[in-house]
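# using only what follows, build the 3D model:
(one chain, ligands or ions: 1)
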Amino acid sequence: MLIKYPSKNIRSDYSENNSDPKVYYGLNKEIKFCSKCTYSNQKPTSEKEFKHTIETKKTTIPFSDKHICNACQVLEKKDNIDWAQRKNQLKKLCDKYRKSDGSYDCIVPGSGGKDSFYASYKLKYEFGMNPLTVTWAPHIYTEWGWKNFQSWIHSGFDNHLFTPNGRVHRVLTRLAVDNLFHPFQPFIMGQYYFPARMASKLNIPLVFYGDTNAEFGHPEDFSNPERNMNFFTTNNTEKIFIGGTKVSSLEKDFGLSKNELEPYLPLKPNELKNTKLNIQYLGYYLPWHPQECYYFASEKGNFAPAPERNVGTYQKYASIDDKIDDFHYFTTFIKFGIGRATYDTAQEIRNGEINREEGIALIKKYDGEFPKRFSDEIFRYLSINSVEMPIAYKQFEKPEFDLKYFNDLCDKFRSPHIWKLENKQWQLRNKIWN
Ligand SMILES: [Zn+2]
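Now for the predicted structure:
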């Protein structure tokens, strides 16, 4: 058996008086908050997911010595950009790739959320391109997410929707939860490689993503519109992990076949020998403003916000198509002390929708709210069934996933430098409002 019941944490590690608490995941020992937005220096940067195991030491977003996070520093740089000139650059790029017979000349990956809507719509109706949109399906669509996806297609786009094998995706997601407390990890991997794979299969070399990672503080070069191919390819399949588990073990111990795992694997460089991929960020060429993308998508394509507030935050318009989203943000709250309201306020402060004081009040009110609304469905999704998945089933000490199991996992993944126990209640050691 490979997946044991979550180990108990050592309670004294979390005592209030512990002056030197342990630090998990290679995070910064001293917790700092950005003086402009609400990010903390615990926020990891994006990494090569296929190398991710529980031993992985995170790199976190850089902070300046004036306590300003990298996302806010990037924002300052954006003020000096000549957007007219960048728009011209985009026109030239489109001129180079545009097909005159109306066949597909670029790929736009997306979910049909506000950002992918904005990207595909601009490219088609303003720059005269013929985009093919491609989508890696969510774990479990929300009703409103599915409607928005349909609205996107009906605003004038062909779409390839890839829905991974449900049994395989559930086993991988369960492993990612148990090993990494990262329910989105197999999805991220699949979603990452799928557009590049489609581009190569259909020989459509130009791929457009929306906003750049630099806008979220990742130390990428904001003066470069191209996405680094290192993230998409590897030669060394021996060292690939999905859900923190080696591919060879997924085959041998969990009964998954090579074919079933292929959609989650980075491309091999020789898969690309016929197509010289050019993966671009549209956010380099056009100023990216999430709230405006939302208004744009609503006006031009009937994009509708969720009918209810998202768990853990106040907004209804971003990241609303997958029922597992609530859990994703709850796990980042447990591991890094950063919940969904922190992500949302940081972004809205930087874009001038709210000020920092309002952001902090929203975090105090909503961050870390327990994801109750879809929990029964998600726990069923994460339970491994002996009939459907007999080999994988044997590798879990407790194949059934329930609330107690989830809470015990939470406790296992709390880093002592972030959490303390006060009168048997979990509290953040450092709160942004203190
Ligand atoms: Zn900041």
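
# tell me where the stretch 301-434 of the chain has helices.
Using DSSP state H, counting those that start in this stretch, the helices of the stretch 301-434 of the chain run over 325-336, 340-350, 356-366, 375-382, 390-393, 403-413.

# give me whichever of those helices is most buried.
A comparison of the helices of the stretch 301-434 of the chain by mean neighbour count, using mean count of other C-beta atoms under 10 Å, puts helix 340-350 on top with a mean of 26. C-beta coordinates here come from the backbone N, C-alpha and C atoms, glycine included.

# angle of that helix against helix 356-366?
Here helix 340-350 runs at an angle of 170 degrees relative to helix 356-366 (axes from the mean of the first three to the mean of the last three C-alpha atoms, to 10 degrees).

# if I read this right, N213 contacts I61, doesn't it?
No - assessed by C-beta atoms under 8 Å, N213 is found out of contact with I61, at 10.4 Å.

# list the buried residues of stretch 139-151.
Neighbour counts using 16 or more other C-beta atoms under 10 Å place H139, I140, Y141, T142, W144, G145, K147, N148, F149, S151 of stretch 139-151 among the buried residues.

# and what of stretch 92-107?
L93, C94, R98, Y104, D105, C106, I107.

# what about the helices in the stretch 101-250 of the chain?
Using DSSP H, counting those that start in this stretch, the helices of the stretch 101-250 of the chain run over 114-121, 143-154, 166-180, 185-202, 247-252.

# before we move on, the earlier item: out of the helices of the stretch 301-434 of the chain, nearest to F296?
helix 340-350 (16.7 Å; C-beta to C-beta).

# I'd like the mean pLDDT over that closest one, please.
Mean per-residue pLDDT for helix 340-350: 96.

# check contacts around the residue in the stretch 201-350 of the chain positioned nearest to the ion.
Using C-beta to the ion, the closest approach of the stretch 201-350 of the chain to the ion is made by A346 at 6.2 Å. Going by C-beta atoms under 8 Å, 6 or more residues apart in numbering, A346 touches C34, C37, T38, Y39, C69, A71, G359.

# so which of the residues you listed sits lowest on pLDDT?
Minimum pLDDT across these is recorded for A71, with 92.

# partner residues bridging F162?
W136 (DSSP bridges).

# so it touches W136, yeah?
Yes - assessed by C-beta under 8 Å, F162 is found in contact with W136 at 5.4 Å.

# contacting residues around the residue nearest to T135 when sequence neighbours are not counted?
Nearest residue to T135 in three dimensions, chain neighbours excluded: L161, at 4.8 Å (C-beta to C-beta, 6 or more residues apart in numbering). Residues in contact with L161 (C-beta under 8 Å, 6+ apart) are T135, A137, F149.

# and the residues you listed, which is closest to the ion?
So of the contacts of L161, ranked by how close each gets to the ion (C-beta to the ion), first place is T135, at 31.0 Å.

# how near is the closest one to P21?
Using C-beta to C-beta, to the nearest Å, T135 is found at 42 Å from P21.

# more neighbours, these two?
The residue with more neighbours, out of T135 and P21, is T135; 23 against 17, by other C-beta atoms under 10 Å.

# surely S35 is within a helix?
No - assessed with DSSP: H, G, I helix; E, B strand; the rest coil, S35 is coil; it does not lie in a helix.

# separation between the nearest residue to it once chain neighbours are set aside and S40?
Closest residue to S35 in three dimensions, ignoring its sequence neighbours and counting by C-beta to C-beta, 6+ apart: H67, at 4.4 Å. H67 is 11 Å from S40, where distance means C-beta to C-beta.

# find residues that contact each of these two.
By C-beta under 8 Å, 6+ apart, the residues touching both H67 and S40 are K32, F33, C34.

# most surrounded residue in those residues?
Highest neighbour count within the shared contacts of H67 and S40: C34, with 27 neighbours (other C-beta under 10 Å).

# state the distance from that one to the ion.
Distance of C34 to the ion, computed by C-beta to the ion, to the nearest Å: 3 Å.

# which ones are touching that residue?
Contacts of C34 (C-beta under 8 Å, 6+ apart): S40, N41, F63, H67, I68, C69, A71, C72, A346.

# one more time with 6 Å, if that's ok
If you count contacts by C-beta atoms under 6 Å, 6 or more residues apart in numbering, C34 has them with C69, C72.

# equivalent analysis for N28, please.
For N28, the contact set (C-beta under 6 Å, 6+ apart) comprises N41, T60.

# what's around R309, how many residues?
Neighbours of R309 under the rule other C-beta under 10 Å: 13.

# kindly report the same for M189.
Quick note: M189 (other C-beta under 10 Å) scores 25 neighbours.

# over to N41?
19.

# return the residues of the protein in contact with the ion.
Contact residues, the chain versus the ion (C-beta under 5 Å from the ion): C34, K36, C37, Y39, C69, C72.

# farthest pair within these?
K36 and Y39 (9.0 Å).

# ok, the spatially most central residue of the chain - contacts?
By C-alpha atoms, centre = their mean, the chain has its centre lying nearest to I188, at 6.2 Å. Counting by C-beta under 6 Å, 6+ apart, I188 makes contact with E49.

# just to check, T245 is in contact with V177?
No - using C-beta atoms under 6 Å as the test, T245 is too far from V177 to be in contact (12.0 Å).

# how much space separates P287 from T313?
Distance from P287 to T313, by C-beta to C-beta: 24 Å.

# how far does stretch 128-141 stretch from start to finish?
One end of stretch 128-141 to the other measures 31 Å (C-alpha to C-alpha, to the nearest Å).

# quick check: mean pLDDT of that stretch?
Averaging pLDDT along stretch 128-141 yields 97.

# please apply the same query to stretch 46-54.
For stretch 46-54, mean pLDDT is 83.

# got the contact list for it?
By C-beta under 6 Å, 6+ apart, the residues outside stretch 46-54 that reach it are N179, I188, M189, N213, H218, I240, F241, G244, P266.

# same question for stretch 223-236.
The contact list for stretch 223-236 (C-beta under 6 Å, 6+ apart) reads A196, P266, L267, P269, I279, Q280, Y281, Y284.

# for the second one, give me the pLDDT.
Right, P266. P266 is given a pLDDT of 91.

# any idea how far the residue lying closest to C94 once chain neighbours are set aside lies from the ion?
Spatial nearest neighbour of C94, excluding adjacent residues (C-beta to C-beta, 6+ apart): F127 at 4.7 Å. Counting by C-beta to the ion, the separation of F127 from the ion is 32 Å.
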